[in-house]
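K.L.:
Any chance you could fold what I've pasted below:
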Amino acid sequence: MKYNTNAIGNAFFQYPLRICIVIYFICYAFRLWEYFVLKTDESVIGENFIHKACGVAVIFAVLFVSGLHWRDIGFVRDGRLKNIGLGLILGFGFYTIAYAVECIVLYVQGASPSLKIASGGFSLVKSTEFVSTGIAFILLFNVLNVWMEEGLFRGLFTRLLRERYDCRMTIFITALLFGLWHLIMPVRSFIEGQMKLAPMLLLSAGYVALTFVYGLKMSFLYRMTGSVWAGLSEHFFNNSVINIVHVASSRGSDHLQVVRIVTAQLLSFIFVTILYLLKRKNLLPVF
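P.N.:
The predicted structure follows:
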């Protein structure tokens with residue numbers, strides 16, 4: 001494959017980790033700007049989407065300078081529909097289990113649970129706050145969100161890092177960066193006085209660990225299928241169902257939302273990891 005031969009283009013492949021870190025901090029700067037200055041998620045829109053659009057623009061720019069194309073970072077056409085279907089099935093299956101477990105627990109506790117379809121923002125420290133943004137806009141924002149995050153972490157970073165690092169190290173680095181990407185949420189809660197220092201540190205560690213594991217799962221899906229589509233569609237379903245399908249009970253909306261998310265993600269991680277290990281041993285030739 002032919003890439004740009006200028007000095008800047010070559011640097012992307014000679015120093016991939018340094019380049020990834022630079023790109024990461026550029027995208028993180030946009031993220032900090034929106035979370036702490038614009039606070040779009042606290043407006044009528046109810047979603048931080050501007051830094052995601054900026055992130056997609058950064059990916060476009062990097063692809064142009066490096067000589068890469070979208071297909072080179074996992075956006076391939078072959079098997080696209082099959083892999084999108086795989087991701088949606090994974091998301092639907094494990095969230096069905098998680099919602100069922102949550103409703104059963106609340107029912108046993110006498111909290112009279114029921115499902116509620118509405119646009120609501122996700123928060124680590126507050127009850128669900130429903131927003132006026134329509135479900136169609138929530139879905140649109142989630143498309144932008146997963147396009148940016150999967151395109152950056154599993155797509156671009158994976159493509160660059162594999163120039164110098166083996167599979168295990170590449171997966172670890174991208175998952176770690178993805179985990180730290182989500183550190184901003186509990187830190188903002190602390191800065192804004194919604195949490196004390198000790199709970200913030202504990203929640204930060206747990207949330208980074210969970211998203212690190214999620215990043216591992218997304219990388220396993222990428223390795224198994226050879227594209228970002230399965231991870232992208234599973235990621236889209238995950239974000240959409242969290243923001244749209246809520247559990248209302250006498251204890252409030254989404255009282256056990258965090259437990260639901262952790263349950264769904266850990267179960268799906270175990271399942272995908274088993275598939276990944278079987279695939280590596282050539283015992284699962286279906287992908």
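K.L.:
Can you show me the strands along the stretch 51-200 of the chain?
P.N.:
Using DSSP state E, counting those that start in this stretch, the strands of the stretch 51-200 of the chain run over 114-117, 120-121, 129-130.
K.L.:
Can you list the low-confidence ranges for the stretch 51-200 of the chain?
P.N.:
Within the stretch 51-200 of the chain, the ranges that satisfy pLDDT under 70 run 121, 124-133.
K.L.:
just the helices in it please.
P.N.:
With DSSP state H, counting those that start in this stretch as the criterion, the stretch 51-200 of the chain has helices at 80-108, 135-149, 158-161, 167-181, 184-191, 197-225.
K.L.:
for the last one, packing partners?
P.N.:
When contacts are defined as 3 or more CB pairs under 8 Å, 6 or more residues apart in numbering; DSSP states H and E, helix 197-225 packs onto helix 80-108, helix 167-181, helix 184-191, helix 229-244, helix 257-280. Yep, even glycine has a C-beta here, placed from its N, CA and C like the rest.
K.L.:
Pick the most buried one from those helices.
P.N.:
Neighbour counts (mean count of other CB atoms under 10 Å) averaged over each of the helices and strands packed on helix 197-225 peak at helix 229-244, with a mean of 23.
K.L.:
Geometric centre of the chain: which residue is closest?
P.N.:
The structure's the chain has its C-alpha centroid closest to His235; by CA atoms, centre = their mean the separation is 5.6 Å.
K.L.:
do you know how far the closest residue to that residue other than its chain neighbours is from Arg223?
P.N.:
Residue nearest to His235 in three dimensions, not counting chain neighbours: Val146, with 4.4 Å by CB to CB, 6 or more residues apart in numbering. The gap separating Val146 from Arg223 is 18 Å, by CB to CB, to the nearest Å.
K.L.:
quick one, which of these two is more surrounded?
P.N.:
Comparing Val146 with Arg223 by other CB atoms under 10 Å, the one with more neighbours is Val146, at 24 against 17.
K.L.:
ok so, going back, please render the helices of the stretch 51-200 of the chain as TSV that adds distance to Ile117 to the earlier fields.
P.N.:
Below are these laid out as TSV (distance: least, CB to CB, whole Å):
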stretch	distance to Ile117
helix 80-108	12
helix 135-149	8
helix 158-161	35
helix 167-181	29
helix 184-191	24
helix 197-225	24
